[in-house]
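predicted model follows, preceded by the sequence.
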Amino acid sequence: MKILLVEDEPKLASFVKKGFENEGYDFSVAFDGRMGLSLVQQGYYDLVILDVNLPHINGFELCRLIRADYPQLPVLLLTALDSLDDKVTGFEAGADDYLVKPFEFKELLLRARVLTRRSSEATAVRRVLQLADLELNLDTKAVTRAGQRIELTTKEYALLEFLLLNRNRVISRVDIAEKVWDLNFDTNTNIIDVYVSHLRKKLDKGYDPKLIHTVVGMGYVVRES
């Protein structure tokens, strides 16, 4: 399980990080809202824990931004703001849970386990990645668009699955090379661009909206617009 903590107090961040790592979690820390949003957009997380009083982007606004693009990603607000109005604001921003500082680490750990378990169970039940009218069945490996079966090679399927798991996130060629091809990226090869072109021809040609987009100088993203 991968968890991201966005917290601007280094001592508290270090304490929480150590606790989760001792429990076997893969744990990352961002020290301001802007950095936190960037990390969410760059990598896959099972849970995000947010402070509210953050530099650049506060926790409430960051929660709204995360919820808009990643509706299935659990968010826990961890903050000293303890009024009912603050809690209402947090839940209306899209938070799944709200824990007030000071707190016992054991309680934070238990809440995190509940949220990540719910997320995992939802993913296990769903087992279908969907974007607009495109569907990828993780069990049967079948891919359809607008109800029409799309035949993909093994590598095309792996590339599409990786992109859909990271929908709305800009994925670099380096990330694709490492995760799909399991190799160090060679800047002299255009194999990734070739396979993306293959996917476009099979999945986007003749369909609307177009789902595979190039972000110049950065990589690729799959989204509805």
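Cool, got the structure.

report the central residue of the chain.
Compute the mean C-alpha point of the chain, and by C-alpha atoms, centre = their mean the closest residue is Tyr44, 4.1 Å away.

separation between that residue and Gln72?
If you measure Tyr44 against Gln72 using C-beta to C-beta, to the nearest Å, the figure is 11 Å. In this view, the C-beta of every residue, glycine as well, is placed from N, C-alpha and C.

residues contacting Lys101?
Leu78, Thr79, Ala80 (C-beta atoms under 8 Å, 6 or more residues apart in numbering).

try it again with 6 Å
Lys101 makes contacts with Ala80, as judged by C-beta atoms under 6 Å, 6 or more residues apart in numbering.

repeat that for Ser225.
Applying C-beta under 6 Å, 6+ apart, one finds that Ser225 lies in contact with Pro209.

can you check Phe105 too?
Gly19.

begin at 11 from now on, thanks
Yes, from this point I'll number from 11; that puts the last item at Phe115.

related to what we said a few turns ago, check whether the residue nearest to the centre of the chain sits in a helix, strand or coil.
The three-state label for Tyr54, taken from DSSP: H, G, I helix; E, B strand; the rest coil, comes out as coil.

pLDDT at it, what is it?
In this model, Tyr54 is scored at 75, pLDDT.

quick one, phi psi at it?
Summarising the backbone geometry of Tyr54 under the convention degrees, to the nearest 10, its torsions are phi -100, psi 130.

how about the helices in this structure?
20-32, 43-52, 69-79, 94-102, 115-136, 164-175, 183-186, 201-213 (DSSP state H).

the ones you listed: lowest mean pLDDT?
Note on the helices of the chain: lowest mean pLDDT is at helix 115-136, with a mean of 79.

hang on, isn't Ala168 packed against Trp191?
No. In this structure Ala168 lies outside contact range of Trp191 using C-beta atoms under 6 Å: 8.7 Å.

against Tyr217, how distant is the residue nearest to the centre of the chain?
Here the criterion is C-beta to C-beta. By it, Tyr54 lies 26 Å from Tyr217.

okay, the spatially closest residue to Asp203 that is not a sequence neighbour and Leu47: tell me how far apart.
Beyond its immediate neighbours in the sequence, the residue positioned closest to Asp203 (C-beta to C-beta, 6 or more residues apart in numbering) is Arg183, lying 7.9 Å away. Computed with C-beta to C-beta, the distance linking Arg183 and Leu47 is 22 Å.

try Leu60
Distance of Leu60 to Leu47, computed by C-beta to C-beta: 10 Å.

Val138 contacts Asn147, doesn't it?
Yes. Between Val138 and Asn147 there is a contact at 5.3 Å, judged by C-beta under 6 Å.

now for Tyr205, how many residues are close by?
Here the neighbour count serves as a burial measure; for Tyr205 (other C-beta atoms under 10 Å) it reads 19.

surely it meets Tyr167?
No. Under the criterion of C-beta under 6 Å, Tyr205 is not in contact with Tyr167, lying 10.6 Å apart.
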